[in-house]
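Visitor: predicted model and sequence follow; I will ask about them next.
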Amino acid sequence: MGSLLSSKKASRHIIKAVLSLTVFVIGLLMITPFIFMISASFKYPGQVFVEPLKIIPDKLFLGNFQRVLSDDLYFGWYWNSIRVVLIAIPLRGFFVTIAAYSFARLRFRGRNIIFLIFMSTMMITPEVTIIPRYLLYKSMYIIDTQWALILPATFDVFFLFMLRQFFMTIPLELSEAARIDGYGHFTIYYQIILPLAKPALITMVLFTFIWLWNDYVNPFVFINTMKKQLVTVGLQFFQSREGANYALQMAGATFAVIPTIFMFTFTQRYFVQGITSSGIKG
């Protein structure tokens, strides 16, 4: 009996070791392009493909970063991306949380039908609506402005669903007690629901930041003036302007991913909690 138990334990340890090794290899494969990008940014332009597997070059070359830092267009694109994110995130936070609270806490006629209509829009890929959106933005006179990127980002059905699910996990008794004390819905939403939904809110902020910061299609289609572009499209222009100088392009890309790494580093402890808690109650 004892030998049987010990063999089962040994089998579990072997399975865990194999799974851990598999996850490590997959993680290493996923991070390899990132390591290559950073390594190439510190190399001389002619060394990128001559010694591609040498992660740490013999001599670190900082000239790529100096050229990127001295480029006025690059920092203009960088600031444009930051501005779009800083304006869109608070607007999305307000409109999505208000809508999620309404679907989670209020009772009104047609609530489930309206929510179902919202959810059905998730089956439509954004690329299908590019031409209708272009015509709509043109009629609103926001083509070639950053409002063509900010206004559509003020609402998102995925986060509406996620926050509604999270709000439904908050005990209803808290809202009922506040109602008995004379508080209105907005006070309950602002002083009770939002503080308790901090993990879900931070998850929404993180996802929104990453999606807006890395967005390429929308700024490419809706913004024509290069000075108004975001850093993602700007890097493509950087590539066409600098030719085959991949080391310089990798330096620009390295600067571009810094805000994303910064955001994820400071919000990762809320990430898992926000995602798991939003699916407890349907």
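Guide: Received, thanks. Numbering: from 1, shown residues only.
Visitor: number of nearby residues for Tyr189?
Guide: 21 (other Cβ atoms under 10 Å). Heads up, the C-betas are built off the backbone N, CA and C, glycines and all.
Visitor: what sits against the closest residue to it other than its chain neighbours?
Guide: Leaving aside its chain neighbours, Tyr189 sits nearest to Tyr101 (4.8 Å; criterion: Cβ to Cβ, 6 or more residues apart in numbering). Counting by Cβ atoms under 8 Å, 6 or more residues apart in numbering, Tyr101 touches 167, 185, 189, 193.
Visitor: in the stretch 101-250 of the chain, which spans are helices?
Guide: Counting by DSSP state H, counting those that start in this stretch, the stretch 101-250 of the chain has helices at residues 111-120, 130-139, 147-150, 157-169, 172-180, 185-188, 194-196, 198-214, 217-222, 231-242, 246-277.
Visitor: sketch out the low-pLDDT regions of the protein for me.
Guide: 1-10, 52, 242-243, 270-282 (pLDDT under 70).
Visitor: which helix is the longest one in it?
Guide: Counting by DSSP state H, the longest helix found in the chain is helix 2-41.
Visitor: what would the contacts of Tyr101 look like in a markdown table with distance to Val96?
Guide: Shown next, in a markdown table, are the contacts of Tyr101 (distance: Cβ to Cβ, whole Å):
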| residue | distance to Val96 |
| --- | --- |
| Phe167 | 11 |
| His185 | 16 |
| Tyr189 | 12 |
| Ile193 | 13 |
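Visitor: which of those residues has the most neighbours?
Guide: Within the contacts of Tyr101, neighbour counts (other Cβ under 10 Å) peak at Phe167, which reaches 24 neighbours.
Visitor: show the contacting residues for the spatially closest residue to that residue that is not a sequence neighbour.
Guide: Spatial nearest neighbour of Phe167, excluding adjacent residues (Cβ to Cβ, 6+ apart): Ala104 at 3.8 Å. Counting by Cβ under 8 Å, 6+ apart, Ala104 touches 163-164, 167-168.
Visitor: most neighbours, which of those?
Guide: In terms of neighbour count, Leu163 stands highest of the contacts of Ala104 at 29 neighbours, by other Cβ under 10 Å.
Visitor: SS state for the spatially closest residue to that one that is not a sequence neighbour?
Guide: Of all residues beyond its chain neighbours, the one nearest Leu163 is Ala100 (3.6 Å), with distances taken as Cβ to Cβ, 6+ apart. Using DSSP: H, G, I helix; E, B strand; the rest coil, the structure places Ala100 in helix.
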